[in-house]
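> What follows is a protein structure lacking sequence information:
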């Protein structure tokens, strides 16, 4: 078990680098019963060090990713200057979060966070030095019309991204910003109905964990029509079916991990942001600028992607080139 002092160093990154908490700001820390409460406590301590006002709210774990939180918490989110979400199932893609962002709240969504998240891996990245790389990649994707995604595992997907703005998630330092802290990624919602091909997931899936046998998804006209593989493929199919909503099968997001300190652990907060991975999400993409209002947003991570934008390679093993990412003391 990590020492509190070790965890506090990471919590200071959340309060300082990633949310820029200012004196007097109301900071809502939302945590569920399946996360370590020590995470909320050290985050509150880091907020106090910056003369912010922390409020910790404990809730039951949501049944699946991006269910709406309880109304009491949704109301509190609208009054907060900063929101830190330490949850087992994300609320990133909920109406409660969208409304809070419209009210100006800055939010970090640390889905699946564990105590070790605050002492190793993603939290050690030099966010300021990597941001220009994320900016450049996001601009390239935003200007693009067509995207092609492949991987050695067998992924081959194409989609239209014309008119869609790419999002870069690295921190939440300005009003209304949200990021999947402490990850770094660029993502874009493809035009609904345009994604075609095959996705092979070989790393991890939100709410499931590490993938033990590759899962193949067949996509036609922007939605998954078939899941193939072993027991986890069936588990994934059942999870999507449990929402009882056809919109949950829609390809919602193409994401690119850019944090060089990450590794594949089975924890979605780390896996989807790890440099050398990409992720495809199903379901809701309204938070990313899409139009599919589904009751779930489910990220699926695969390794060693090559991503071409209008025929130009934007991402491949070793591309983009990231600066040395260790924080220099």
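Thanks, I have it. Fair warning: this is a prediction, and the values are worked out from it, not measured in the lab.

> Mind listing residues that contact the lowest-mean-pLDDT helix or strand in the chain?
Lowest on mean pLDDT, DSSP states H and E among the helices and strands of the chain sits helix 268-271, with a mean of 90. For helix 268-271, contacts defined as CB atoms under 8 Å, 6 or more residues apart in numbering pick out 110-113, 117, 121-122, 180, 182-183, 203-207, 257, 262-265, 277, 279, 299, 301. To be clear about C-beta, it is placed using only N, CA and C from the backbone, and glycine gets the same treatment.

> For PyMOL, what selects the buried ones among the residues you listed?
Under the burial definition 16 or more other CB atoms under 10 Å, those of the contacts of helix 268-271 that qualify are selected in PyMOL by:
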select buried, resi 110+111+112+113+117+121+122+180+182+183+203+204+205+206+207+257+262+264+265+277+279+299+301
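
> any chance you could map the strands in the stretch 1-150 of the chain?
26-32, 53-59, 82-86, 106-109, 146-150 (DSSP state E, counting those that start in this stretch).

> between those strands, which one is nearest to residue 8?
Of all these, it is strand 53-59 that lies closest to residue 8, at 13.4 Å by CB to CB.

> what helices or strands is the longest helix out of those in the chain leaning on?
What stands out as the longest helix in the chain, according to DSSP state H, is helix 127-143. Here helix 127-143 touches strand 167-169, strand 185-188, strand 312-315, going by 3 or more CB pairs under 8 Å, 6 or more residues apart in numbering; DSSP states H and E.

> Format those as CSV; extra columns: mean neighbour count, mean pLDDT and distance to residue 157.
Output for the helices and strands packed on helix 127-143, formatted as CSV (neighbours: other CB atoms under 10 Å; pLDDT from 0 to 100; distance: least, CB to CB, whole Å):
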stretch, mean neighbour count, mean pLDDT, distance to residue 157
strand 167-169, 23, 94, 19
strand 185-188, 26, 97, 13
strand 312-315, 16, 94, 13
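
> Of all those strands, which one is nearest residue 214?
Here strand 312-315 is closest among the helices and strands packed on helix 127-143 (CB to CB), at 20.3 Å.

> If we ignore the residues flanking it in sequence, what's nearest residue 113?
Counting by CB to CB, 6 or more residues apart in numbering, residue 86 is the residue found nearest to residue 113 once chain neighbours are left out, at 5.0 Å.

> Same check on residue 44?
Per CB to CB, 6+ apart, closest to residue 44 is residue 54, 3.8 Å.

> Check what pLDDT the one you found gets.
Listed pLDDT for residue 54 reads 98.

> Is it bridged to anything, and to what?
For residue 54, the beta-bridge partners under DSSP bridges are residue 27.

> Let me know whether it touches residue 41 as I believe.
No - assessed by CB atoms under 8 Å, residue 54 is found out of contact with residue 41, at 9.4 Å.

> More neighbours: which of these two?
For the pair residue 54 and residue 41, the greater number of neighbours falls to residue 54 (22 against 18), based on other CB atoms under 10 Å.

> For residue 92, see how far away the more buried one is.
From residue 54 across to residue 92, the span is 21 Å (CB to CB, to the nearest Å).

> Next: residue 263.
With distances taken as CB to CB, residue 263 is found 22 Å from residue 92.

> for residue 42, same thing?
Taking CB to CB, one finds residue 42 at 22 Å from residue 92.
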